[in-house]
Every structure is written in structure tokens, then in C-alpha cells.
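Enquirer: Sequence and computational prediction follow.
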Amino acid sequence: MDYESFELKFFKQLKDSKKECISLVEKNKKLVEANLENLETVDKFVTSLNTIIIETEKLKYSIIEKLFNLSFLKRVEDTFKESDVLIQACKVNNVKAIKWLMSMNINLRKQDKDGMTALMYSVKKSSQLFVVKEYISQYKDSLNLKDNNGETALFHAVYNIEAFKCLVNTPTVDVNYKDYNDQDTILIRCIKLSRFSCIDILFERSDIDVNSVDKRGWPISFYFAEQGFANEFELLSKKNCNYNYVNNIVPSYDEAIKSTSDSKGNQPRAKKENILTIIMNKLYKSDGYEKIISKLENYYRMLIYLMKIGYDFNTIVDEAGNTAVMESLIANDVFTALYIIYNDQGEGGKYKLDLSIKNKYGDSVVSLLLKKKFGQPLFEIVKKNPSFSLEYEDIYHNDLLMLFAMTGQYREMKNYLKNNGMIVDLVKKYKGDKLVNKNDDNYVVIDKKVDEEQDIIVEQRVKVNEDNNPPSYDEIKTDMIRNHVNDHGENALILATKCRCRNCVKVLLENGVNDVNHQDHLGNTALHYAIFIKDREIIEMLLSSGADKNIKNKDGLDALSYAEKIKNDLSVNGKSYSYIGAKIDEVIRLLTQGNVSLKDKVAEIEYNRYIREDLIEIYKEVEPYLRLDYDDTFVIINGFSYFGMVLKIYQKAFGKIESQYYSYPYCLGWPDTIDSNYFIHGESYDIDICLPLEIDCGLKVEWTTDTLLKTICKRRRIIDCRIPNILLTSTIS
């Protein structure tokens with residue numbers, strides 16, 4: 001009998017569990033010994049043997065044990081014990097074979113071509129838990145072996161909770177090890193696979209590292225924040241979580257920063273991610289915003305938790321350089337901004353928020369409060385912060401007074417002027433104190449002084465006079481306020497007129513702040529612009545304050561000539577707006593006769609129906625000053641139901657703030673009356689403007705004030721109050 005014939009006969013008898021196979025081997029001892037001197041033949045023999053063990057359901061393993069008792073088959077036995085037979089049995093879940101093989105002193109550290117051990121296959125099968133326990137009991141040195149992807153048995157056990165628990169509860173199992181490809185720890189892998197029960201088990205390990213990061217640079221806290229797991233997010237604090245971690249790992253960004261810039265030529269900031277970045281992106285910049293609605297409360301809970309543990313909310317959260325408060329304001333999330341600001345007190349009652357931080361567009365919390373029209377209540381809170389500054393200048397050199405004028409904040413304008421006056425008084429009060437030069441012989445800085453009555457800190461840079469002394473009150477007032485203009489030569493009075501903010505015009509004139517006859521870069525005075533928008537009330541206020549009707553602009557037109565040109569243009573253009581024509585006639589009579597009789601006055605409500613094109617045209621000159629070039633990346637939050645939910649979340653967390661700060665809709669700046677350049681302002685019903693407005697449903701209606709207010713309440717919708725924006729986006733084709 002040749003050897004091949006022997007093998008065929010032997011393995012057939014073994015497969016049939018016939019004891020004669022042992023006698024067959026003994027009778028052919030010399031033949032077997034001679035051929036098994038060849039290692040390749042031995043490997044082939046063991047491979048055939050393993051196949052029978054794995055595939056034969058009713059195999060009698062005692063026959064194989066007797067076979068290995070034959071001394072001349074020692075090489076076969078040794079090769080068998082070093083083979084991957086146990087791995088194959090675990091892979092196909094042959095429990096009977098596994099149990100026998102475990103008794104045969106098989107090499108449990110053996111790995112297949114993928115680097116997988118028997119344990120790695122066993123942890124996936126609930127029926128093989130005994131294998132896991134055997135490994136843990138007898139072969140602890142095998143528990144942290146890695147496959148070709150650098151994954152240990154723990155990574156393979158995530159879908160078998162019992163096996164996973166056994167491994168985690170074994171102290172020698174490394175729960176902080178990272179795989180090769182994604183640099184995941186098992187904790188991070190579990191959140192990526194949504195294996196939350198496994199996360200709970202991992203948290204029972206005292207040595208679990210929750211601050212370890214993956215290849216992306218994200219720790220587990222970032223993933224909890226992204227997916228809205230508020231409970232787990234808070235639980236991390238018990239594991240010494242570093243909530244202040246900043247991720248600087250952004251592939252290829254260094255190259256991108258060299259070649260890209262925004263529309264204004266500003267280089268983008270190096271992208272850094274922190275925990276607030278993750279939460280804010282989900283709240284305000286989510287592409288699938290509707291998908292996170294169910295978890296919305298959780299995102300706010302995490303934000304609230306960060307407030308409570310004293311997280312630094314001065315942290316920059318996006319590439320534009322915004323803080324969390326700034327992003328909240330941009331997104332119209334007034335309650336989040338309110339509660340961050342309101343709860344901004346650390347140990348000893350010290351304020352921590354830095355309100356002077358500006359983003360790369362020059363906006364700060366203060367300017368955003370104004371541009372987003374969030375009014376007096378929030379201003380009352382931020383004023384208490386030492387970093388609140390009356391010194392503001394945007395990229396167009398508009399100061400805070402101008403911003404008040406453009407946004408209709410006449411009450412804040414009054415306070416601004418009052419505080420500026422107080423600053424001047426303090427300059428006089430501390431005149432004898434040391435003055436500090438700032439690289440300019442013509443300017444000095446008054447050292448910081450705290451005025452307890454006004455509860456502010458004063459730090460004012462003022463121009464010295466010829467005697468090298470601080471200027472007088474009148475000199476400072478003239479230098480600081482009266483003559484300040486922007487890049488287009490506009491002062492606050494001109495801007496208030498352009499925006500048709502009557503109350504602001506009134507405040508400016510009553511305080512004698514601006515030169516009523518100041519001319520901008522086109523040579524126009526405030527009177528010219530009042531004539532253009534045909535506003536009788538503003539014209540009357542300007543004239544009574546000394547506006548010179550004879551001043552000519554760069555086109556050589558004085559007030560009357562300008563009004564007549566407007567009237568002629570109406571005729572030339574064939575405009576059939578009878579009320580506009582009547583309105584310009586009213587303006588001409590006012591300029592020539594000094595007054596308009598009651599019977600000649602044009603009904604304001606009718607005038608407002610037809611003036612929108614002029615308002616839009618004039619507002620286009622102002623709109624760039626108020627535009628937020630970056631808010632198109634935000635989900636702008638609207639809706640009473642949304643705000644009601646958010647308010648309840650914050651009230652539950654912190655208790656109620658004084659009602660004046662959160663009562664709805666007063667927290668949005670309502671019910672201040674902001675003249676006629678706004679549609680609505682809450683409870684105030686003295687609004688004199690009525691323009692077409694397109695509501696979400698697509699209907700176009702001309703609203704009276706009462707109808708508009710009632711409709712808004714009925715629909716429970718918040719509508720952007722600024723008329724020019726509504727007009728430009730909704731009603732103009």
C-alpha cells in the first residue's frame with residue numbers, strides 16, 4: 001500500500017468513527033514514519049484531520065486521542081496543537097468540537113491569516129461564553145492580543161454584552177488601548193457603533209480614560225455632545241473628563257489657510273474644535289435640523305451643564321471668531337444668550353464673560369445685540385459686566401451711537417449719551433491723576449476709574465489740547481461725539497434719518513449731538529435724506545433745529561431744488577403713485593411755507609403703502625453696516641413654540657429670571673416703539689407703517705397694524721421685524 005492510499009483509507013475510517021483506523025496506522029507504522037519525516041506531509045495530514053474534526057458532527061474524539069498516544073505520531077500531535085483548528089471550530093460555532101479541543105492543550109494564542117484568535121471569534125457568539133471564561137481563567141496573557149487591524153477581543157465583543165462584560169471586568173484587559181486604523185479606544189468605538197449598554201459597562205472601570213482622542217482628534221465627550229447624549233455627557237465628570245479640551249487636529253487645514261480668504265480678504269483662523277463648537281453646530285448649523293428636534297432638549301441640557309460647571313464661555317467656537325453668546329444672538333436664540341449672560345458670575349460674584357471679544361467681522365456681543373434687535377432688557381444685563389464698553393467701532397467706522405441710530409434703539413441712545421456725559425465728568429474729576437501716553441503725543445489715556453454710582457469702569461482715550469492737558473468737557477464732547485463720521489462721511493443724525501428712525505432723530509436733536517447741517521460724502525445733509533423719504537415729521541424736526549435749507553449737495557441741489565427734482569422724476573418715470581406725488585407736494589409746501597395745513601396733510605397709512613421703494617433704495621446704503629455676512633450658515637430660529645420650549649428648559653435649570661428679562665416677547669426687544677421703520681414692536685400700537693408682507697404660507701397681504709399683530713399671535717410665529725430685510729427678501733421681485 002502506498003502512502004496516499006493509506007491516507008484515503010485512514011481518514012475515511014476516522015470520519016466514520018471506526019476504531020479500525022488505529023490498527024491501520026499501527027500496521028503501516030514504517031510507511032507512516034517514513035512519510036511524516038517530511039514537514040509538508042505532516043501539515044497536509046493535520047489539515048485533513050482538522051477538516052474532519054470541524055465538519056464531522058458525530059465524530060468520536062477518543063479515537064484521535066488514542067491516535068496521539070502512538071509515539072511515532074508525536075510530530076503530528078505537536079503540529080495539531082499549534083494549528084488553527086480551534087479558531088476554525090469557533091468560527092463555525094462547532095461547540096462540541098470546541099469543548100474537546102479546549103481539553104487538548106491547544107495553543108490559544110494562535111492567530112489566523114487575519115490575526116484573529118479563537119477568543120476573538122468566541123466573543124461574538126453567546127454559545128461560546130465558556131471559551132471566554134476559560135481564556136480569562138487560564139490564559140490572561142492572550143486577552144490583549146491584536147488582529148491585523150490592531151483590534152483586541154474587546155473590540156469584537158461589542159455585540160455580545162455578556163462576553164463584553166466578562167472582559168471589561170477582568171483587570172488585565174486594557175480598556176484604553178487604541179486600534180491601528182482609527183485610533184479608537186473601545187469607549188469611542190462603542191459610541192460610533194451606538195453600543196450604549198457597553199458604554200455603561202465601561203464606565204464601571206475606574207481606570208477608563210475618557211480624555212483619549214481618536215484619529216479625528218475627538219474624545220468621547222465630543223461624540224456624546226454631537227449625538228445629544230446629555231446623561232452620558234454629564235456622567236463624564238465623574239471620570240475626570242477634560243471638558244476644556246481643544247482639538248487642533250484638522251488635516252490639510254494649514255494648506256487651506258494659505259490659499260483661501262473671505263470676501264473681505266481676511267485670512268481664515270486656524271480651525272479649532274471644542275465642546276461648545278460641537279454643541280453649537282448641532283443647534284445652529286445642522287444640515288438636517290429636523291432630525292435633531294427630538295434631542296433638542298438634550299443639547300440645551302449639555303449647554304446648561306457647561307454653564308453650571310464654570311466652563312469658559314469666552315472660548316471661540318467657530319472660524320469666524322464667535323463665542324457661544326455671539327452665535328446664539330446670530331441664530332436668534334435669545335434665551336441661550338440671556339442665560340449665559342445672566343448666569344455669568346464666578347467665585348466671589350466676579351464676571352467672567354469678556355464682552356469685548358470681536359469676531360473677524362468686527363462684531364461683538366454688544367453690536368450683535370443691536371444688529372439682531374434684542375433691545376433694552378439684555379442691554380441692562382450686559383452693562384453690569386466690567387468688560388462692557390461704550391467704545392465700539394466697526395469696519396466702516398460706525399460707532400455705537402450710529403448703531404443705535406440705525407437700529408432704532410432710541411432708549412439706549414439716551415443712555416449712551418448719558419454715560420458719555422458721565423465719562424466726561426470723570427475725566428474732569430480725575431484730571432490730576434497720572435496720564436499714560438499710547439505711542440501718540442497727541443493722545444492720553446485716563447487710567448481706569450470705577451464709579452460706584454454708575455457701576456462702570458471708565459477707560460477713555462482723549463485728545464490733549466495745545467497746553468498738553470486733558471481737554472474740557474465741551475472739547476471732549478465735540479471730539480468724541482459731535483464730529484464722528486463713518487467712511488462715507490455720515491454721522492448718527494444722517495443715518496437715523498435714512499432709516500426713518502424718528503425717535504432717534506428727536507433724541508439726537510434734543511441733545512445737540514450732531515451738527516444738523518453736516519454733509520456726507522455726497523454733500524447731502526440729513527434734510528436732503530428726509531426729503532428723499534418724504535417724511536414730514538423728520539423734516540419739521542430738522543428745520544426747527546436749525547437745518548439750513550440753502551446748503552447744496554455735490555449735484556448743486558439745495559433742499560427745495562432736491563424736492564422739486566424728485567417731483568419731476570416722478571413725472572418723467574410715469575409713476576402713478578398719487579399718494580407719493582401728494583407727499584412730495586406736502587414736502588415742498590413745508591419747505592416754502594414753513595408749515596402744512598391739516599387738510600393738506602397726507603394720510604400716513606396711505607403714504608406707507610407706496611413709499612417702500614424709496615425706503616428700500618435709501619436703506620441699501622445703510623444695510624451693509626448692519627448685515628451679518630455669516631448668518632446664512634446658521635439655522636435662524638423662529639417660532640413661539642420653539643422659544644417656549646427653550647425657556648422652560650432654562651427655567652427648570654436655573655429658576656426664573658426677573659420677568660422683565662424673559663417675559664415673552666419683551667426679551668426680544670419688544671415692546672419698545674422704534675418708529676416707523678419697523679413692522680411691529682410688541683405691545684406698542686402706535687406704529688405708522690403698513691407694507692406688504694409674505695408670510696410662510698405664501699399669501700401676500702397688506703396688513704394694518706392690528707391685523708398684523710393678531711395674525712402673528714394666531715400663527716404663533718416670530719417674524720423678523722426689520723422692514724428692509726423683509727422687503728428685500730419677500731416682496732420685491
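Expert: That came in fine, so what should we check first?
Enquirer: ok, residue 79 touching residue 46?
Expert: Yes - Residue 79 is in contact with residue 46 according to Cβ atoms under 8 Å; the separation is 4.8 Å. Glycine gets a C-beta too; all of them are placed from N, C-alpha and C.
Enquirer: any weak-confidence spans in the chain?
Expert: For the chain, applying pLDDT under 70 flags the ranges 249-271, 286-293, 345-349, 375-377, 390, 419-483, 571-580, 595-614, 629-644, 656-733.
Enquirer: how about the strands of it, start to end?
Expert: 435-437, 443-446, 449-451, 456-458, 461-463, 692-694, 700-702 (DSSP state E).
Enquirer: before we move on, the earlier item: residue 79 and residue 46: which is more packed in?
Expert: residue 46 (20 against 17; other Cβ atoms under 10 Å).
Enquirer: how close does the more buried one get to residue 39?
Expert: 10 Å (Cβ to Cβ, to the nearest Å).
Enquirer: cool, residue 408 as well?
Expert: Applying Cβ to Cβ to residue 408 and residue 39 gives a distance of 93 Å.
Enquirer: contacting residues for residue 17?
Expert: Residues near residue 17 by Cβ atoms under 8 Å, 6 or more residues apart in numbering: 56, 58, 59, 60, 63.
Enquirer: meant to ask about residue 567, not that
Expert: With Cβ under 8 Å, 6+ apart, residue 567 has these contacts: 581, 584, 585, 588.
Enquirer: coming back round to it: neighbour count for residue 408 and residue 39, which is higher?
Expert: residue 408 (30 against 10).
Enquirer: Not counting sequence-adjacent ones, nearest residue to residue 28?
Expert: residue 6 (5.4 Å; Cβ to Cβ, 6 or more residues apart in numbering).
Enquirer: My guess is the one you found contacts residue 26. True?
Expert: No - applying Cβ under 8 Å as the test, residue 6 and residue 26 come out as separate, 12.0 Å apart.
Enquirer: between those two, who's got more neighbours?
Expert: Applying other Cβ under 10 Å to residue 6 and residue 26 shows that residue 6 carries more neighbours, namely 17 against 11.
Enquirer: how far away is the residue nearest to residue 54 when sequence neighbours are not counted from residue 12?
Expert: Using Cβ to Cβ, 6+ apart and skipping the chain neighbours, the partner closest in space to residue 54 is residue 88 (5.1 Å). Separation of residue 88 from residue 12 (Cβ to Cβ): 21 Å.
Enquirer: How about residue 221?
Expert: 62 Å.
Enquirer: Could you check which of these two is surrounded by more residues?
Expert: Comparing residue 221 with residue 12 by other Cβ under 10 Å, the one with more neighbours is residue 221, at 25 against 12.
Enquirer: what's near enough to touch that one?
Expert: Per Cβ under 8 Å, 6+ apart, neighbours of residue 221: 210, 233, 236, 241, 242, 243, 245, 275.
Enquirer: Could you tell me which of the residues you listed count as buried?
Expert: 210, 233, 236, 241, 243, 245, 275 (16 or more other Cβ atoms under 10 Å).
Enquirer: how many neighbours does the closest residue to residue 68 other than its chain neighbours have?
Expert: Nearest non-adjacent residue to residue 68, counting by Cβ to Cβ, 6+ apart: residue 77, 4.3 Å away. Using other Cβ under 10 Å, residue 77 has 19 other residues around it.
Enquirer: And for the one 4 residues further on?
Expert: Counted with other Cβ under 10 Å, residues neighbouring residue 81 total 17.
Enquirer: go on, residue 92?
Expert: Count around residue 92 with other Cβ under 10 Å applied: 12.
Enquirer: Surely it is in contact with residue 57?
Expert: No - using Cβ under 8 Å, residue 92 is not in contact with residue 57, being 11.4 Å away.
Enquirer: Helices along the stretch 301-450 of the chain, start to end?
Expert: 324-330, 334-342, 365-371, 375-382, 400-407, 410-429 (DSSP state H, counting those that start in this stretch).
Enquirer: list the helices and strands the first one packs on?
Expert: Taking 3 or more Cβ pairs under 8 Å, 6 or more residues apart in numbering; DSSP states H and E as contact, the helices and strands that helix 324-330 lies on are helix 275-284, helix 334-342, helix 365-371.
Enquirer: how near is residue 28 to residue 14?
Expert: Applying Cβ to Cβ, the value for residue 28 to residue 14 is 14 Å.
Enquirer: Residue 403 now?
Expert: Distance of residue 403 to residue 14, computed by Cβ to Cβ: 93 Å.
Enquirer: ditto for residue 626
Expert: 89 Å.
Enquirer: Stretch 199-207 spans what distance, first to last residue?
Expert: Start and end residues of stretch 199-207 are separated by 14 Å (Cα to Cα, to the nearest Å).
Enquirer: outside of it, which residues touch it?
Expert: 161, 164-165, 168-169, 175-176, 186-187, 190-191, 208, 232, 235, 239.
Enquirer: List the buried residues for that stretch?
Expert: Quick answer for stretch 199-207 (16+ other Cβ under 10 Å): 199, 201, 202, 203, 205.
Enquirer: Could you do stretch 81-92 as well?
Expert: Buried positions in stretch 81-92, judged by neighbour count with 16+ other Cβ under 10 Å: 81, 83, 84, 85, 86, 87, 88, 89, 90, 91.
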